[in-house]
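> What follows is a protein structure lacking sequence information:
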Ligand code: AMP
């Protein structure tokens, strides 16, 4: 096993990694560092965030720069401001004993003046997003004349974000560039194109596979109906009271919507996506890092900037299209030797994607049942019991309050006191979950037997005149148009111009939203509550989740209250 001290790094750098507590180099570091120290020729490193890639290029880079020369010798290009800041922070740590070393990070989304002033202090290393760097070059705030080393970090992502021309421009305008080190999570023709054009005789190092198979990650999947995804997410959050996690969505819109819905219900979460301005994103990261937030709802691109090592759970609200992206997401947990859980919420149709990812990750995924109400309550009970067991009240707490507490409860039995304290903690959860529905896919067949308590009767402006000549045909049409299980639709009445049908409460909203956006033979489909339509008997419609008025819903995590388990004390 290679150790850091056996690498021929400068003393100051070996001291820094020792101070940071790094014991052994990670696989990418073991491969790349010896090469870059001995012979800093061009390389391609295929490695994702979390593999220690920043140190893999950072340590050799700082080893090679000449601290006595007050000019920019090394340039690191990165796709996002968050990543730039992260690299800068890492470099500062590695360079803590290199007196005279200056690294500056420049990125968009903040005023340029401060960065121009910083560049006047002659850094040897500049970490930059391509757009802002070009802006600074045009303003003559720095010169790339003496740059010898260029690192392209997350090259695939820079190309995805449309920085190709900027990268080309910068590589062309570094006349003394001798060494180009390209790091990328994935390899594709675009990335190879950059290498072919600007690099010579590079060597390739890859740790993608090893990293994908991180045995410390427990991969779990939960199968539900498409329209129950959000309820399933809530259930999983309630089932993991100590969560410190990232919830991934596919789109910015979903990210915003889901975060808002969760926030409304009292969860300590926040969205993080590219449409938020830099200031807001930094604020979110700050709150996440100081644990005021229990989870971030993020898109894949925005999450790249999250540099947090102790994420307990990653939740895929939806699976990504590309199985490779799954490994990026799950790799946010179980970092630096810790263990973690990656939960995916899937529909029956997506089980085949799970199989595909299993093959890529080379690990078995555990199919788990979505917990029922009693399990959630039990889990939370144990969570509070653990918290009581490990609580360490401040020294003066007893002095100040204990006598008052004694006076008040002297006559109360210990068991009664414990019962009441636990009741206060759990009553909201019990209230919400005492008649919680089964969210597991496949339960619907039996749900009809349980009566129509949660059913909603809907009206639709299509009937026999439109070819819906039997209830079966109508059910088939709705199921296909919404991708829902046909068993969710029943008690169908088809008339000449319209029809009525019952659906499970939670599916009603989904059907309404999905079908209202569709047309049938050029006519807009209209869906309404049946009880707003005349001539329909059998409109026994009880309240459903979607009927809840804001504020009527009991929050699961009270702001600043007892449920806010992650707040720093
Ligand atoms: P990166 O993949 O560069 O984003 O690094 C992920 C995290 O691992 C960072 O917080 C680094 O500080 C940390 N790290 C890097 N190398 C090591 C190492 N050899 N041992 C322990 N932690 C490391």
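Yep, that arrived. Fair warning: this is a prediction, and the values are worked out from it, not measured in the lab.
> Now the nearest residue to residue 26 once chain neighbours are set aside: phi and psi?
Nearest residue to residue 26, sequence neighbours excluded (C-beta to C-beta, 6 or more residues apart in numbering): residue 52, at 3.4 Å. Heads up, the C-betas are built off the backbone N, CA and C, glycines and all. With angles defined as degrees, to the nearest 10, residue 52 sits at phi 90, psi 20.
> for residue 323, same thing?
Torsion angles, degrees, to the nearest 10, at residue 323: phi -60, psi -30.
> Touching, it and residue 365? I think so.
No: assessed by C-beta atoms under 8 Å, residue 323 is found out of contact with residue 365, at 11.9 Å.
> Now do the shared contacts for the two.
residue 357 (C-beta atoms under 8 Å, 6 or more residues apart in numbering).
> Contacts only, for residue 198.
Each residue near residue 198 by C-beta under 8 Å, 6+ apart is listed here: 171, 180.
> What separation do you get for it and residue 256?
As for residue 198, its distance to residue 256 is 38 Å (criterion: C-beta to C-beta, to the nearest Å).
> just for the stretch 201-350 of the chain, where's the confidence low?
208-213, 305, 336-337 (pLDDT under 70).
> where along it do the strands fall?
For the stretch 201-350 of the chain, the strands defined by DSSP state E, counting those that start in this stretch occupy 203-206, 217-223, 245-248, 269-272, 295-298, 313-316, 340-346.
> how about JSON lines for these, with distance to residue 526 and mean neighbour count added?
Below are the strands of the stretch 201-350 of the chain laid out as JSON lines (distance: least, C-beta to C-beta, whole Å; neighbours: other C-beta atoms under 10 Å):
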{"stretch": "strand 203-206", "distance to residue 526": "55", "mean neighbour count": "15"}
{"stretch": "strand 217-223", "distance to residue 526": "32", "mean neighbour count": "21"}
{"stretch": "strand 245-248", "distance to residue 526": "34", "mean neighbour count": "27"}
{"stretch": "strand 269-272", "distance to residue 526": "32", "mean neighbour count": "25"}
{"stretch": "strand 295-298", "distance to residue 526": "33", "mean neighbour count": "27"}
{"stretch": "strand 313-316", "distance to residue 526": "34", "mean neighbour count": "25"}
{"stretch": "strand 340-346", "distance to residue 526": "31", "mean neighbour count": "24"}
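> CSV for those, including distance to the ligand?
Below are the strands of the stretch 201-350 of the chain laid out as CSV (distance: least, C-beta to the nearest ligand atom, whole Å):
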stretch, distance to the ligand
strand 203-206, 14
strand 217-223, 15
strand 245-248, 15
strand 269-272, 17
strand 295-298, 16
strand 313-316, 15
strand 340-346, 14
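> Now render those strands as CSV, adding distance to residue 170.
Putting the strands of the stretch 201-350 of the chain into CSV (distance: least, C-beta to C-beta, whole Å) gives the following:
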stretch, distance to residue 170
strand 203-206, 22
strand 217-223, 37
strand 245-248, 31
strand 269-272, 28
strand 295-298, 28
strand 313-316, 34
strand 340-346, 36
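> and residue 311, how far is that from the ligand?
Residue 311 sits 12 Å away from the ligand, going by C-beta to the nearest ligand atom, to the nearest Å.
> when you give positions from now on, start the count at 18
Fine by me, first position is 18 from now on; the one you just mentioned is residue 328.
> ok, for that residue, nearest residue in space, not its chain neighbours?
Counting by C-beta to C-beta, 6+ apart, the residue nearest residue 328 is residue 350, at 4.5 Å.
> Please look at the one you found and residue 331 and confirm they touch.
Yes: in terms of C-beta under 8 Å, residue 350 counts as a neighbour of residue 331; the distance is 4.9 Å.
> shared neighbours, these two?
Counting by C-beta under 8 Å, 6+ apart, the residues touching both residue 350 and residue 331 are 262, 357, 358, 359.
> returning to that earlier point: closest one to residue 527 among the strands of the stretch 218-367 of the chain?
With C-beta to C-beta as the criterion, residue 527 lies closest to strand 357-363 of the strands of the stretch 218-367 of the chain, at 14.8 Å.
> after the least confident helix or strand in the chain by mean pLDDT, next one along is what?
Here the helix or strand of the chain ranked lowest by mean pLDDT, DSSP states H and E is helix 461-464, holding a mean of 43. Counting by DSSP states H and E, the element after helix 461-464 in chain order, helix or strand, is strand 472-477.
> Just the residues contacting the helix or strand following that following strand, thanks.
Next along the chain after strand 472-477, taking DSSP H and E as the criterion, comes helix 488-499. Residues outside helix 488-499 that contact it (C-beta under 8 Å, 6+ apart) are 477, 479, 484-485, 501-503, 505-507, 509-511, 516, 518, 527-528, 531-532, 535.
> Same check on stretch 417-432?
residue 434.
> Buried residues in that stretch, which are they?
For stretch 417-432, the buried set under the neighbour-count rule, 16 or more other C-beta atoms under 10 Å, is empty.
> same question for it, mean pLDDT?
Averaged across stretch 417-432, the pLDDT comes to 91.
> ok, now stretch 498-511?
Stretch 498-511 carries an average pLDDT of 85.
> what comes up buried for the longest helix along the chain?
Counting residues, the longest helix found in the chain (DSSP state H) is helix 431-450. For helix 431-450, the neighbour count (16+ other C-beta under 10 Å) marks 442, 443, 445, 446, 449, 450 as buried.
> How about the residues of this structure by the ligand?
With C-beta under 6 Å from any ligand atom as the criterion, the chain comes near the ligand at residues 39, 42-43, 46, 66-72, 107, 326, 353.
> before we move on, the earlier item: of the contacts of helix 488-499, just the buried ones, ChimeraX syntax please.
Command for ChimeraX that selects the buried part of the contacts of helix 488-499, burial taken from 16+ other C-beta under 10 Å:
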select :477,479,485,501,502,505,506,507,509,510,511,516,518,527,528,531,532
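> In strands only, show me the contacts of helix 488-499.
477, 506, 507, 509, 510, 511, 516, 518 (DSSP state E).
> Please report how far the second one lies from residue 33.
As judged by C-beta to C-beta, residue 506 and residue 33 stand 64 Å apart.
> Can you pull the phi/psi pair for the residue of the chain most remote from its centre?
Taking C-alpha atoms, centre = their mean, the residue of the chain most remote from its mean C-alpha position is residue 428, at 50.0 Å. Phi and psi for residue 428, reported as degrees, to the nearest 10, are phi -80, psi -10.
> any idea how far it lies from the ligand?
In terms of C-beta to the nearest ligand atom, residue 428 sits 54 Å off from the ligand.
> where's that residue relative to residue 55, distance?
78 Å.
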